[in-house]
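**Student:** after the sequence you'll find the predicted model.
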Amino acid sequence: MLTIKGVSYHVSSNRCLFDNVSLKIDNEIVGLSGNSGIGKTTLAKLIARIIPLETGSIHVEKSDAKSNPIQLIWQHPEQAVNPKWRIKRILLEAGEIDSDLLKKCGIKKDWLTRFPHQLSGGELQRVCIARCLISKPRVIIADEITTMLDGLSQVDIWELLIIYVKQNKVPMLVISHDEALLNRICDRMINFQKIVDLEKK
Ligand SMILES: Nc1ncnc2c1ncn2[C@@H]1O[C@H](COP(=O)(O)OP(=O)(O)OP(=O)(O)O)[C@@H](O)[C@H]1O
């Protein structure tokens, strides 16, 4: 379970993006929707500790200290990898490479010796998704992760992530503007707009 309590974020001294947000995500797939600019990605980065918490707390149940319990996969894979590392090293940093998993992610063997700039955006995103699963996360946050993949690849990737989270009882937060996708894969939806508006009242 992921528990978020009383989290706020200011983008400047006089602009509060959101205030006192609290959420509980059980072992379920939760969709997070809301207008562009409302703060969904910022919340994702706070949860993944990419930006430091100002207030409140974020707790993951059953996490051990060996790996980062919270993995954020986001919409810009080229910003999520070291451009000077070959794909094999990028994957090895997360854990042991499982060739069956790579196959399921649609990763070809010859990509392993390439640098990130030698893959397309969609190919690199598959690498980021494989890296996330290799690290055996206790929470997954997926922020617009399949927008750069074709329809068939999207189905494969979501199937893989859903199998992982259901088998391992891992909460997954899915951020997307694609309502059809959210309705198809999520157990429950959270409208971030409503939460932000409620706290501002
Ligand atoms: N460090 C920062 N300094 C100034 N403004 C920031 C900073 N980080 C985020 N913002 C602003 O905060 C707002 C929320 O950004 P965020 O990316 O979280 O929105 P979002 O809901 O994910 O939007 P989208 O759906 O378009 O991806 C935006 O207006 C953005 O410009």
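**Tutor:** Received, thanks.
**Student:** give me the helices and strands touching the helix or strand in which residue 21 is found, please.
**Tutor:** Element membership for residue 21, per DSSP states H and E: strand 15-25. Applying 3 or more Cβ pairs under 8 Å, 6 or more residues apart in numbering; DSSP states H and E, we find strand 15-25 packed against strand 2-12, helix 40-47, helix 192-200. The C-beta positions use only the backbone N, C-alpha and C, and glycine is treated the same way.
**Student:** try 7 Å this time
**Tutor:** Judged by 3 or more Cβ pairs under 7 Å, 6 or more residues apart in numbering; DSSP states H and E, strand 15-25 is in contact with strand 2-12, helix 192-200.
**Student:** for the protein, which helix is longest?
**Tutor:** Ranked by number of residues, the top helix in the chain under DSSP state H is helix 151-168.
**Student:** what comes up buried for it?
**Tutor:** By neighbour count on 16 or more other Cβ atoms under 10 Å, the buried set for helix 151-168 is 153-154, 157-158, 160-161, 164-165.
**Student:** so which of the helices and strands packed on strand 15-25 gets nearest residue 60?
**Tutor:** Closest approach to residue 60 among the helices and strands packed on strand 15-25 (Cβ to Cβ): strand 2-12, 5.7 Å.
**Student:** tell me what angle that closest one forms with helix 192-200.
**Tutor:** Strand 2-12 runs at 70 degrees relative to helix 192-200, counting by axes from the mean of the first three to the mean of the last three Cα atoms, to 10 degrees.
**Student:** returning to what we had before: so what touches the longest helix of the chain?
**Tutor:** Contacts with helix 151-168, where a contact means Cβ atoms under 7 Å, 6 or more residues apart in numbering, come from 29, 104-106, 122, 129, 133, 140, 142, 146, 149, 170, 172, 185.
**Student:** what are the contacting residues of the next helix or strand after it?
**Tutor:** Sequence order places strand 172-175 as the next helix or strand after helix 151-168, per DSSP H and E. The contact list for strand 172-175 (Cβ under 7 Å, 6+ apart) reads 25, 29-32, 40-41, 44, 140-144, 161, 165, 182, 185-186.
**Student:** just after strand 172-175, pick out the following helix or strand.
**Tutor:** Using DSSP H and E, the first helix or strand after strand 172-175 is helix 179-185.
**Student:** pretty sure residue 124 contacts residue 79?
**Tutor:** No - counting by Cβ atoms under 7 Å, residue 124 does not reach residue 79; the two are 10.2 Å apart.
**Student:** which residue of the two possesses the greater neighbour count?
**Tutor:** Set residue 124 next to residue 79 and count neighbours by other Cβ atoms under 10 Å: residue 124 wins out with 23 against 8.
**Student:** wait, what's in contact with the residue lying closest to that one once chain neighbours are set aside?
**Tutor:** In space, residue 124 comes closest to residue 77 once its chain neighbours are excluded; the distance is 4.1 Å by Cβ to Cβ, 6 or more residues apart in numbering. The contact partners of residue 77, by Cβ under 7 Å, 6+ apart, come to 121, 124-125, 128.
**Student:** hmm, back to that, ok, so of the buried residues of helix 151-168, who is nearest residue 96?
**Tutor:** residue 164 (15.7 Å).
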